[in-house]
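*Asks:* Need a 3D model of the sequence below.
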Amino acid sequence: MKKFLVVSLSMLLILSLAACSNNNNEVNEPENPINETPIENPDNGNEPEPAENYTKEVTLYFANNDYVETGNEEYDWLIEEKREINYEGTTLEEAIVRELMKGPVDTENMSTGFPSTVKLIDVTVDQDKTCYVNFAQDGLYGGSMEESYIIAQVVNSLVGLDSVDRVQFLVDGKPAETLMGHISIEEPFESFEQ
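*Replies:* From the prediction side, this is the model:
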């Protein structure tokens, strides 16, 4: 009987230990379960803001090849070219000047007055809508025709924007008498006609 009692107690002990170890592995559910559904931010009826669009159709002015080749004043000396430009990473005003420097799409009828040596430093606009176009002195040389076309192309292309009323040219960040030695740039331009 003693043997039976020891075996019975041993079995009871083993079963108790097994039952205890199973309880330790069980996860007790809380009385108030946690809701795992994410809380959404209310939109207050507002639509999400669209991403800013960095393209715009602008009017660029280029030299009329017929006028340049003949000097015939019956021809307009500037021709408009509509162009969709991308200005991501810069200002619209600077992108316009850089497009003028690249030249027109229609190279048969138009050209740019910018020699390939001209370097643009930057273009900024202040609160009174004066646009500052800053060229490097290095590479800024040419005749009176190139100089007049650079000024005319830039001024006429920029003053067509809502953000610009006048254009002031700078050389190496400072006021200068001329770009290439022929036309005064000491005062800002609101327009430029030949």
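*Asks:* At which residues are the strands of the protein located?
*Replies:* 55-64, 78-86, 110-111, 120-125, 130-135, 166-171 (DSSP state E).
*Asks:* Run through the residues that contact the spatially most central residue of the chain.
*Replies:* Residue closest to the mean C-alpha point of the chain, counted by Cα atoms, centre = their mean, is residue 88 at 2.0 Å. Contact analysis of residue 88 by Cβ atoms under 8 Å, 6 or more residues apart in numbering lists residue 54. Any C-beta I mention is one placed from the backbone N, CA and C, and that applies to glycine too.
*Asks:* Distance-wise, check it relative to residue 53.
*Replies:* 9 Å (Cβ to Cβ, to the nearest Å).
*Asks:* In space, what's closest to residue 55 - neighbours in sequence excluded?
*Replies:* residue 86 (5.1 Å; Cβ to Cβ, 6 or more residues apart in numbering).
*Asks:* Could you double-check that the one you found lies in contact with residue 98?
*Replies:* No. At 10.7 Å, residue 86 does not count as touching residue 98 under the criterion of Cβ atoms under 8 Å.
*Asks:* Now do the same for the residue nearest to the centre of the chain: its pLDDT.
*Replies:* On pLDDT, residue 88 comes in at 94.
*Asks:* how far away is it from residue 55?
*Replies:* In terms of Cβ to Cβ, residue 88 sits 8 Å off from residue 55.
*Asks:* and residue 124, how many neighbours does it have?
*Replies:* Residue 124: 14 surrounding residues under other Cβ atoms under 10 Å.
*Asks:* where are the low-confidence patches of this protein?
*Replies:* Judged by pLDDT under 70, the chain has its weakly predicted residues at 1-51, 194.
*Asks:* now the helices: where do they sit in it?
*Replies:* 2-25, 65-70, 92-102, 144-158 (DSSP state H).
*Asks:* Show me which residues of the third one are buried.
*Replies:* To tie it back to what came earlier, the one meant is helix 92-102. Buried residues in helix 92-102, defined by neighbour count with 16 or more other Cβ atoms under 10 Å: 92, 93, 94, 95, 96, 97, 99, 100, 101.
*Asks:* With stretch 139-147 instead?
*Replies:* For stretch 139-147, by 16+ other Cβ under 10 Å, it's 140, 142, 145, 146, 147.
*Asks:* Can you measure across it, start residue to end residue?
*Replies:* End-to-end distance for stretch 139-147: 13 Å, by Cα to Cα, to the nearest Å.
*Asks:* before we move on, back to that, biggest separation within the buried residues of stretch 139-147, which pair?
*Replies:* Within the buried residues of stretch 139-147, 140 and 145 form the most distant pair, 14.9 Å apart (Cβ to Cβ).
*Asks:* quick one: residue 76 from residue 140, how far?
*Replies:* From residue 76 to residue 140 the distance is 26 Å (Cβ to Cβ).
*Asks:* export the buried residues of stretch 139-147 to JSON lines and tack on distance to residue 167?
*Replies:* Shown next, in JSON lines, are these (distance: Cβ to Cβ, whole Å):
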{"residue": "140", "distance to residue 167": "16"}
{"residue": "142", "distance to residue 167": "19"}
{"residue": "145", "distance to residue 167": "19"}
{"residue": "146", "distance to residue 167": "17"}
{"residue": "147", "distance to residue 167": "14"}
